[in-house]
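Participant: Structure of the sequence below:
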Amino acid sequence: MARKGSKDRGLFERNGVWWIRYMDGTGQERRERIGAKGLARRVYEKRKTEIREGTYFPPDRRRSVLFDEILEDYREQAQATGRAVLRGESGYHRLGQVFGGKRVDTITPKDVETFRDQLASQTSPATANRHLTLLRAVFRRAIRDEKTGSLPFRAVEFLKENNTRVRYLTPAEEQRLLKALPDLLRPLVVVAIHTGMRKGELLGLRWQDVDFYSKTITIRRAKAGEGRRLPMNEVVKETLMELRKQRIRQGQAKGRELLSPDVFCATHGGHLFNLKREWYHALKQAKIHDLHFHDLRHTFASRLVMAGVDLYRVQILLGHKTPMMTLRYAHLSPAHLREAVAVLTQKSGAGFGAGSWVNLNVSK
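Facilitator: Below you'll find the model as predicted:
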């Protein structure tokens with residue numbers, strides 16, 4: 001319990017959770033379970049102000065906040081800041097299905113663990129963790145807005161992700177895949193293979209971000225939250241130039257300059273949301289197994305490393321904030337491995353080389 005007269009007066013902690021205690025306008029003692037200490041301090045001051053101004057209502061008379069409300073609050077804020085493009089709609093939809101209609105203060109860590117385990121049985125650990133990250137962000141905003149005082153994540157562990165998977169297309173697979181893809185998706189896949197851009201970055205790419213003169217593509221908001229610029233090789237440049245000519249012809253047929261501001265758009269110019277049906281159908285036709293769209297990014301990185309490009313430049317091109325993610329491709333670099341074992345042949349005073357080993361055996 002906080003000492004009398006301290007700035008934390010009215011606060012006390014129980015089992016890692018902070019509570020507040022105060023006397024309401026009728027002289028009755030009230031206690032509220034809040035959560036974090038900083039938030040408890042703010043809520044305590046707010047309650048004291050409400051009591052002084054006569055605007056205080058006891059907890060049992062306050063409106064119950066539903067999860068749908070805090071989810072929509074976060075969604076509106078995410079759309080305003082551009083984060084909705086990165087998260088997509090599926091995450092919001094799934095959270096609404098599971099927690100919709102429930103009071104926020106009734107959602108427990110056990111509920112979150114059950115949600116996590118159900119996701120793990122249906123999707124990859126990485127996908128399950130992305131949903132948990134979104135759920136946590138929704139609750140943190142609700143705490144900031146004082147619509148809840150608890151974060152039901154204290155004892156919930158995220159799943160261990162297998163980030164070492166590196167599946168890339170062979171040249172033969174690439175030819176079969178491009179042949180099997182519909183015309184709508186073929187340019188998208190070609191650009192993905194030759195730039196390493198993420199699917200979200202590709203679908204969010206606009207013509208104003210493509211500079212044919214300097215041969216660069218600007219990604220305005222990447223996964224890490226920062227934009228970056230990518231160089232275009234001749235394959236990408238020619239692919240996008242031909243695609244733009246098609247979009248101009250299609251747009252003129254509809255009385256527009258361009259069919260769509262999006263580089264990769266749906267048939268009639270709308271935003272391209274879901275690629276799954278065409279993607280998996282093409283994989284089946286091409287007889288390619290165990291390939292995700294994200295593996296096109298692995299294909300880009302793997303080919304660079306196998307061609308002798310150093311890992312630092314690969315890291316920059318992929319937009320990795322740290323080299324740890326890029327290290328997964330290190331084993332694909334023959335030059336890197338040759339340099340490593342070549343150290344053993346260097347003469348030093350602390351060891352001996354191949355010649356010494358031969359002489360040692362001859363002397364026997």
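Participant: what residue ranges in the stretch 1-150 of the chain are flagged as low confidence?
Facilitator: 1-7, 57-63, 80-89, 149-150 (pLDDT under 70).
Participant: Could you chop the chain up by domain?
Facilitator: Listed by automatic domain parsing, the domain ranges of the chain are 11-61, 67-144, 182-337.
Participant: For T170, find the nearest of the ones you listed.
Facilitator: T170 lies closest to domain 182-337 among the domains of the chain, at 9.1 Å (C-beta to C-beta). C-betas here are computed from N, CA, C, even on glycine.
Participant: For the residue lying closest to L159 once chain neighbours are set aside, grab the count of nearby residues.
Facilitator: If you skip the residues right next to it in sequence, L159 has P125 as its closest partner in space, 3.9 Å away by C-beta to C-beta, 6 or more residues apart in numbering. Using other C-beta atoms under 10 Å, P125 has 16 neighbouring residues.
Participant: what does Y280 give?
Facilitator: Y280: 12 surrounding residues under other C-beta under 10 Å.
Participant: State whether it is indeed within a strand.
Facilitator: No. The assignment for Y280 is helix, going by DSSP: H, G, I helix; E, B strand; the rest coil, so no strand is present there.
Participant: mind listing what it touches?
Facilitator: For Y280, the set of contacting residues under the criterion of C-beta atoms under 8 Å, 6 or more residues apart in numbering is empty.
Participant: If we use 10 Å, what do you get?
Facilitator: For Y280, the contact set (C-beta atoms under 10 Å, 6 or more residues apart in numbering) comprises L291, F293.
Participant: Could you check how far it is from H292?
Facilitator: Using C-beta to C-beta, to the nearest Å, Y280 is found at 10 Å from H292.
Participant: Check P182 too.
Facilitator: With distances defined as C-beta to C-beta, the gap from P182 to H292 amounts to 19 Å.
Participant: Would you list the phi and psi of R30?
Facilitator: phi -120, psi 140 (degrees, to the nearest 10).
Participant: N274 now?
Facilitator: Reported as degrees, to the nearest 10, the phi and psi values for N274 are phi -120, psi 120.
Participant: And for L66?
Facilitator: Dihedral pair for L66: phi -90, psi 150, per degrees, to the nearest 10.
Participant: How about it: what's its closest non-neighbour residue?
Facilitator: On the basis of C-beta to C-beta, 6+ apart, the spatially nearest residue to L66 that is not a chain neighbour turns out to be R103, at 6.1 Å.
Participant: show me what contacts the one you found?
Facilitator: Going by C-beta under 10 Å, 6+ apart, R103 touches S64, V65, L66, F67, T148.
Participant: Quickly name whichever of these is closest to Q285.
Facilitator: Proximity of the contacts of R103 to Q285 (C-beta to C-beta) peaks at F67, which lies at 42.5 Å.
Participant: which one is the closest one nearest to, not counting chain neighbours?
Facilitator: Spatially, and ignoring its direct neighbours in sequence, F67 is nearest to F99 (4.3 Å; C-beta to C-beta, 6+ apart).
Participant: neighbours of the residue lying closest to T216 once chain neighbours are set aside, just the number please.
Facilitator: In this structure, T216 finds its nearest non-sequential neighbour in R229, 5.1 Å apart by C-beta to C-beta, 6+ apart. Around R229 there are 11 other residues, counting by other C-beta under 10 Å.
Participant: gap between the helix or strand Q246 falls within and the chain center?
Facilitator: Element membership of Q246, judged by DSSP states H and E, is helix 234-253. What separates the centre of helix 234-253 from the centre of its chain is 30 Å, taken as C-alpha atoms, centre = their mean, to the nearest Å.
Participant: Using CSV, write out every CA atom in it.
Facilitator: Taking only C-alpha atoms (Å, rounded to 0.1, in the frame of the first residue of the first chain), the coordinates of helix 234-253 have been written out as CSV:
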residue,chain,number,x,y,z
GLU,A,234,15.4,-4.2,-66.6
VAL,A,235,12.9,-7.0,-66.2
VAL,A,236,10.9,-5.0,-63.6
LYS,A,237,11.1,-1.8,-65.7
GLU,A,238,9.9,-3.5,-68.9
THR,A,239,7.1,-5.4,-67.1
LEU,A,240,5.8,-2.2,-65.4
MET,A,241,6.0,-0.1,-68.6
GLU,A,242,4.0,-2.7,-70.5
LEU,A,243,1.5,-3.0,-67.7
ARG,A,244,1.1,0.8,-67.6
LYS,A,245,0.4,0.9,-71.4
GLN,A,246,-2.3,-1.7,-70.8
ARG,A,247,-3.8,0.3,-67.9
ILE,A,248,-3.9,3.4,-70.1
ARG,A,249,-5.7,1.6,-72.9
GLN,A,250,-8.2,0.1,-70.4
GLY,A,251,-8.7,3.5,-68.8
GLN,A,252,-9.3,5.3,-72.0
ALA,A,253,-12.0,2.7,-72.9
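Participant: Nice, that's everything, thank you.
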